[in-house]
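Colleague: Sharing a model prediction with you, sequence too.
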Number of protein chains: 2
Amino acid sequence: MNEFIQQLHSHRSIRKFSDKEISQSDLELILSAAASASSSGNMQSFSVVVTRDRAMKERMYQAHFEQSMLMDAPIFLTFCADFYRMRRWLTLSEAANNFDNYMSFMIASIDAILASQNAALAAESLGMGLCYMGTTLASAGEIGEILELPENVVPVVGFALGHPDEAPDLRKRLPLESLIHYEKYHKYSDEEVLEIYREREVEGMKRYRDNPRLHQMIKDVGAKNLAQVYTQAKYTEESHLKYSEDLIAYLKRQNFF
Amino acid sequence: MNEFIQQLHSHRSIRKFSDKEISQSDLELILSAAASASSSGNMQSFSVVVTRDRAMKERMYQAHFEQSMLMDAPIFLTFCADFYRMRRWLTLSEAANNFDNYMSFMIASIDAILASQNAALAAESLGMGLCYMGTTLASAGEIGEILELPENVVPVVGFALGHPDEAPDLRKRLPLESLIHYEKYHKYSDEEVLEIYREREVEGMKRYRDNPRLHQMIKDVGAKNLAQVYTQAKYTEESHLKYSEDLIAYLKRQNFF
């Protein structure tokens, strides 16, 4: 394993940040690494919105379900699928219309997510830490209002970025062989499924029981195992159906559907 | 700029590969780097399907619009959004239902795309090269049939992987400042839009004119500038509307919509 790959393996989400600021030159270094990622047709159909202003962070904090790392970090980066810029150029160049449909949203989302991962890794190589926040997509419409995104721009992923003020352990992944399929998808037997999640079940429940707030949450929903914690407390069907509806409605409003 | 970031900046798509094979240990090193990427709720809601078999590559080649790099490369990796594994575990654990909706597809897609970028960068750090192929999404349904993907599994990104047999120049990106917005989205003036794409226009048209096949394509569609090449030849509205319909129909078939 070379040093580069060791660095990839050292990733952990950071949720507590020191007061140390991020210089403009470091920020630009991180974002230029983002721009060097692969991009469909070399179109760079993404934009990054930098949130540093205190008042803006407070509005973003509300939209991100009041998760503390957003206020704690000096910077929040929102990576957006963006065909607005390209479509403005098409219009000025008297070119035919396109990129206002669902496939274009997905193409631009892939551009934005690849760019975000380059930025995340560049930041980590500079000793910084970050935490991706899935609320970027769950609150895409509200965030879009705050950041004043025009049509054909949609927030897809975002992370709080700063210098770490904690050193959490690496989180274990599912066994690697369970994530890989050769030639055709291997449909796991019941025994294989339980084996894949066996260690996760033990560690996950321990992790929840060791945290008073999470332990109370387990008791409140009456979860008997980790799978039940996932779907009865963390990720309920009701919440996901609402996020799905909200996101599709926002894609329509943003001229992507 | 440290060595890690220099490596990020050295990315170029590779479309011609030498005969050198990729060892199983290198493949596993690349895929373990993929698994160390951020993942929503640490769920690893993605799978990777490895295509190496000649007969399978021929079927994938058809689905990928007969692009030669797929046959030329020793390996093709398909990164799939995958909630099938997790949902099997939920059922066996008598947990409530979830992750069969559009938000879950997006969460799993983000997991898959972050993992793919880690894999791509790990491979490049080992001296390999790759080319992301957008046809993974355009032909998702057909690829899903070939790889025998079960419900709640959808191909999102994929790349041909091997040892480079070409050393193309770096492709220029749009000016970095045009991709970044501070606090609120900056709605470019017409002059700014034309300035952002000015260099791209000159280089892009030169690139097309220097290639006999592409030059003929420009003439065939009567494109007067690069923007017209993009939407009259490379990415037509008709093709993208069809891909959009196909993808949404496939998401429905795969129990995500």
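Modeller: Thanks, I have it. Numbering: from 1, shown residues only, chains lettered A, B, ... in the order given.
Colleague: Relative to B:Leu114, how far out is the residue lying closest to A:Pro74 once chain neighbours are set aside?
Modeller: If the residues on either side of it in the chain are set aside, A:Pro74 comes closest to A:Gly162, at 4.9 Å by Cβ to Cβ, 6 or more residues apart in numbering or on different chains. All C-beta atoms are positioned from the backbone trio N, CA, C, and that covers glycine. Computed as Cβ to Cβ, to the nearest Å, the A:Gly162 to B:Leu114 distance reads 20 Å.
Colleague: do the same with A:Leu137
Modeller: 13 Å.
Colleague: Next: A:Glu237.
Modeller: From A:Glu237 over to B:Leu114 (counting by Cβ to Cβ), the distance is 24 Å.
Colleague: One more: A:Asn42?
Modeller: Using Cβ to Cβ, A:Asn42 is found at 21 Å from B:Leu114.
Colleague: More neighbours: the two, which one.
Modeller: Just comparing A:Asn42 and B:Leu114: by other Cβ atoms under 10 Å in any protein chain shown the higher neighbour count belongs to B:Leu114, 26 against 16.
Colleague: ok, and the closest non-adjacent residue to that one?
Modeller: B:Ala37 (4.1 Å).
Colleague: Tell me if I'm right that that neighbour and B:Ala120 touch.
Modeller: No. B:Ala37 is beyond contact range of B:Ala120, at 10.9 Å (criterion: Cβ atoms under 8 Å).
Colleague: of the two, who's got more company?
Modeller: Taking other Cβ under 10 Å, B:Ala37 and B:Ala120 do not tie; B:Ala120 has more neighbours (29 against 25).
Colleague: how about the residue of the stretch 151-257 of chain A found nearest chain B, what does it touch?
Modeller: Nearest residue of the stretch 151-257 of chain A to chain B: A:Ala227, at 3.4 Å (Cβ to the nearest Cβ). A:Ala227 sits next to A:Tyr197, A:Glu201, B:Trp89, B:Leu90, B:Leu92, B:Ser93, B:Glu94, B:Ala95 when contact means Cβ atoms under 8 Å, 6 or more residues apart in numbering or on different chains.
Colleague: rerun that using 7 Å as the cut-off
Modeller: Residues in contact with A:Ala227 (Cβ atoms under 7 Å, 6 or more residues apart in numbering or on different chains) are B:Trp89, B:Leu90, B:Ser93, B:Ala95.
Colleague: quick one: which of the residues you listed has the most company?
Modeller: When those are compared by neighbour count (other Cβ under 10 Å), B:Trp89 ends up highest, at 23 neighbours.
Colleague: so what are the domain limits for chain A?
Modeller: Chain A breaks down by automatic domain parsing into domains covering A:3-168, A:176-240.
Colleague: Of those, which is nearest B:Arg15?
Modeller: domain A:3-168 (12.5 Å; Cβ to Cβ).
Colleague: thought A:Glu166 was touching A:Ser13?
Modeller: No. Using Cβ atoms under 7 Å as the test, A:Glu166 is too far from A:Ser13 to be in contact (10.0 Å).
Colleague: Quick check on those two: which one has the bigger neighbour count.
Modeller: Each of A:Glu166 and A:Ser13 has its neighbours counted (other Cβ under 10 Å); A:Ser13 has more, 17 against 11.
Colleague: from what I can see the more buried one touches A:Gly134, true?
Modeller: No. Assessed by Cβ under 7 Å, A:Ser13 is found out of contact with A:Gly134, at 11.3 Å.
Colleague: coming back round to it: tell me the most buried of the domains of chain A?
Modeller: Highest mean neighbour count of those: domain A:3-168, a mean of 21 (counted as mean count of other Cβ atoms under 10 Å in any protein chain shown).
Colleague: end to end, how far does that one reach?
Modeller: 21 Å (Cα to Cα, to the nearest Å).
Colleague: Quick one: mean pLDDT for it?
Modeller: Taken as a whole, domain A:3-168 carries a mean pLDDT of 98.
Colleague: which helices and strands does the helix ranked longest in chain A pack with?
Modeller: Ranked by number of residues, the top helix in chain A under DSSP state H is helix A:102-125. In terms of contacts (3 or more Cβ pairs under 7 Å, 6 or more residues apart in numbering or on different chains; DSSP states H and E), helix A:102-125 is packed against helix A:3-9, helix A:24-35, strand A:46-51, strand A:75-82, strand A:153-162, helix B:3-9, helix B:102-125, helix B:237-253.
Colleague: Among the ones you listed, which comes closest to A:Gly141?
Modeller: strand A:153-162 (9.0 Å).
Colleague: what angle do whichever strand or helix holds A:Arg88 and strand A:153-162 make?
Modeller: Counting by DSSP states H and E, the element that carries A:Arg88 is helix A:84-92. Angle, helix A:84-92 to strand A:153-162, by axes from the mean of the first three to the mean of the last three Cα atoms, to 10 degrees: 140 degrees.
Colleague: From the contact counts, what lies against helix A:84-92?
Modeller: Other elements packing on helix A:84-92 under the criterion 3+ Cβ pairs under 7 Å, 6+ apart are helix B:190-209.
Colleague: Just checking, which helix or strand succeeds the helix it packs on along the chain?
Modeller: With elements assigned by DSSP H and E, the helix or strand that comes after helix B:190-209 is helix B:212-221.
Colleague: for the helices and strands packed on helix A:102-125, which one sits closest to A:Glu124?
Modeller: Of the helices and strands packed on helix A:102-125, nearest to A:Glu124 by Cβ to Cβ is helix A:3-9, at 6.8 Å.
Colleague: anything in that closest one near chain B?
Modeller: Yes. Helix A:3-9 reaches chain B (Cβ under 7 Å from any Cβ of the partner chain) through A:Phe4, A:Ile5, A:Gln7, A:Leu8, A:His9.
Colleague: now the last one: how far from A:Phe159?
Modeller: When you say that, I think you mean A:His9. Distance of A:His9 to A:Phe159, computed by Cβ to Cβ: 19 Å.
Colleague: what's the answer for the fourth one, then?
Modeller: For A:Leu8, the distance to A:Phe159 under the criterion Cβ to Cβ works out to 16 Å.
Colleague: that older thread, nearest to B:Lys187, of the domains of chain A?
Modeller: Judged by Cβ to Cβ, the one of these that comes nearest to B:Lys187 is domain A:3-168, at 5.8 Å.
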